[in-house]
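> I would like to see how this sequence folds:
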Amino acid sequence: MGWINPTEMRIGNVILDNPFILAPLAGYSDLPFRLLCREYGAALCYSEMISCHGLVYRQQNTFNMLKTVAAERPVCIQLFGSEPETMGEAAAILSDYPIDLIDINMGCPVRKVIKKGAGAALMKEPQLAGEVIRRVCAKTTLPVTVKIRSGWSHDQITAPAFAKMAEEAGATAVAIHARTWTDGFGGTVDRAVIKAVKQAVAIPVIGNGDISSYREGLAMMAETGCDAVMIGRGALGNPFVFRPESRPANAAGIVPALYRHLELIEEYYPPERVLARTKNQAGRYFKGLPGSSNIRQAIYNAQSFRALKDLLNSCR
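Got it, this is the predicted structure:
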């Protein structure tokens, strides 16, 4: 498992042409953003979290989130839930879709997910977590990955043992965000935990956390021995993170990527309905650039999708 050669990686029967993966990001990892990241070099993209109950109860809004096209494959759909039987049923439903992998979220720190016993809460219940993994694996022939955290708190760093349990339960790979639940998204990741997870299992390990450039991704792999890296917040407004070249240092270099993002949104969604979300994403492209406050303010003030595109055209 793991590396085949310096530019290729395998997860089960899925071969990736490089070790850079887009993380599941609630509210962001929709089809247009995934396609954009694939075009910029991501070897695999994870969907945002999909509720197992939403699938089993046939909720249309949940099924809308499963929209995919051939151009983005391979693609991984991430499930969340804490009931083994329901998670298994959801996996069976997903298996009829043109997807390549299923991921189980056992790392989300958001309280509304934790309250349901899902996400990172499952790291406190390894026996239940193992049963969830076994049921999902029993109901699909697709490779099943598991995304975890370092543990619940700093005095409970359980990721290596938890990853071993996941492997024994049938997981094909494990992604480790090296923060605890108590960290949320604060502080810095502990790469030593990623290294310990890699040493604990034979399946591929995907390192996650605090990667904002291609070079930083390579450094994480070199330091921890992980087989791939998963980039989440570092990819927002920054699809360049999946390329060896650095992020452009000026607005003129960034605008083409954002314009392409808008084209993809327009192709797959009614653009005016997602205008607020689009403006939120668009503003992120210019974050940190000297003198970018004016263009960001103009983006937020745009009254329509057409006005937003016209604004960017004027910046080319």
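> what sits against the nearest residue to residue 116 once chain neighbours are set aside?
Distances taken as Cβ to Cβ, 6 or more residues apart in numbering put residue 82 closest to residue 116, at 6.3 Å, once the chain neighbours are dropped. The C-beta positions use only the backbone N, C-alpha and C, and glycine is treated the same way. Contacts for residue 82 (Cβ atoms under 8 Å, 6 or more residues apart in numbering) come out as 116, 117, 118, 121, 122, 125, 128, 132.
> so what's residue 82 scoring on pLDDT?
We have a pLDDT of 97 for residue 82.
> where does it land in three-state SS?
coil (DSSP: H, G, I helix; E, B strand; the rest coil).
> look up phi and psi at it.
phi -130, psi 0 (degrees, to the nearest 10).
> what about it, distance to residue 121?
7 Å (Cβ to Cβ, to the nearest Å).
> go on, residue 189?
20 Å.
> next one: residue 303
42 Å.
> same check on residue 130?
Going from residue 130 to residue 121 by Cβ to Cβ gives 14 Å.
> ok, back up a step: higher neighbour count, residue 303 and residue 121?
residue 121 (21 against 8; other Cβ atoms under 10 Å).
> list the contacts of the spatially closest residue to that one that is not a sequence neighbour.
Leaving aside its sequence neighbours, residue 121 sits nearest to residue 114 (Cβ to Cβ, 6+ apart; 4.6 Å). Listed by Cβ under 8 Å, 6+ apart, the contact set of residue 114 reads 108, 120, 121, 181.
> helix, strand or coil: sort out the first one for me.
The three-state label given to residue 108 by three-state DSSP is coil.
> for residue 147, see how far away the spatially closest residue to it that is not a sequence neighbour is.
The shortest distance from residue 108 to any residue other than its chain neighbours is 3.2 Å, reached at residue 119 (Cβ to Cβ, 6+ apart). According to Cβ to Cβ, residue 119 stands 9 Å off from residue 147.
> identify the contacts common to these two.
Common contacts of residue 119 and residue 147 (Cβ under 8 Å, 6+ apart): 105, 106, 107.
> surely the first one is within a strand?
Pointing back at residue 105 there. Yes: counting by three-state DSSP, residue 105 is part of a strand.
> give the contact list for it.
24, 49, 78, 79, 80, 113, 118, 119, 147.
> can I get the residues you listed in JSON lines with distance to residue 224, neighbour count and secondary structure?
Listed next are the contacts of residue 105 as JSON lines, based on distance: Cβ to Cβ, whole Å; neighbours: other Cβ atoms under 10 Å; DSSP: H, G, I helix; E, B strand; the rest coil:
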{"residue": "24", "distance to residue 224": "21", "neighbour count": "25", "secondary structure": "coil"}
{"residue": "49", "distance to residue 224": "25", "neighbour count": "26", "secondary structure": "strand"}
{"residue": "78", "distance to residue 224": "22", "neighbour count": "22", "secondary structure": "strand"}
{"residue": "79", "distance to residue 224": "26", "neighbour count": "25", "secondary structure": "strand"}
{"residue": "80", "distance to residue 224": "26", "neighbour count": "28", "secondary structure": "strand"}
{"residue": "113", "distance to residue 224": "27", "neighbour count": "21", "secondary structure": "helix"}
{"residue": "118", "distance to residue 224": "27", "neighbour count": "25", "secondary structure": "coil"}
{"residue": "119", "distance to residue 224": "23", "neighbour count": "26", "secondary structure": "helix"}
{"residue": "147", "distance to residue 224": "16", "neighbour count": "28", "secondary structure": "strand"}
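> turn the residues you listed into JSON lines, including distance to residue 92.
Below are those laid out as JSON lines (distance: Cβ to Cβ, whole Å):
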{"residue": "24", "distance to residue 92": "20"}
{"residue": "49", "distance to residue 92": "18"}
{"residue": "78", "distance to residue 92": "16"}
{"residue": "79", "distance to residue 92": "11"}
{"residue": "80", "distance to residue 92": "16"}
{"residue": "113", "distance to residue 92": "22"}
{"residue": "118", "distance to residue 92": "19"}
{"residue": "119", "distance to residue 92": "22"}
{"residue": "147", "distance to residue 92": "20"}
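> those: which two are farthest apart?
With Cβ to Cβ as the measure, no two of the contacts of residue 105 lie farther apart than 24 and 118, at 13.4 Å.
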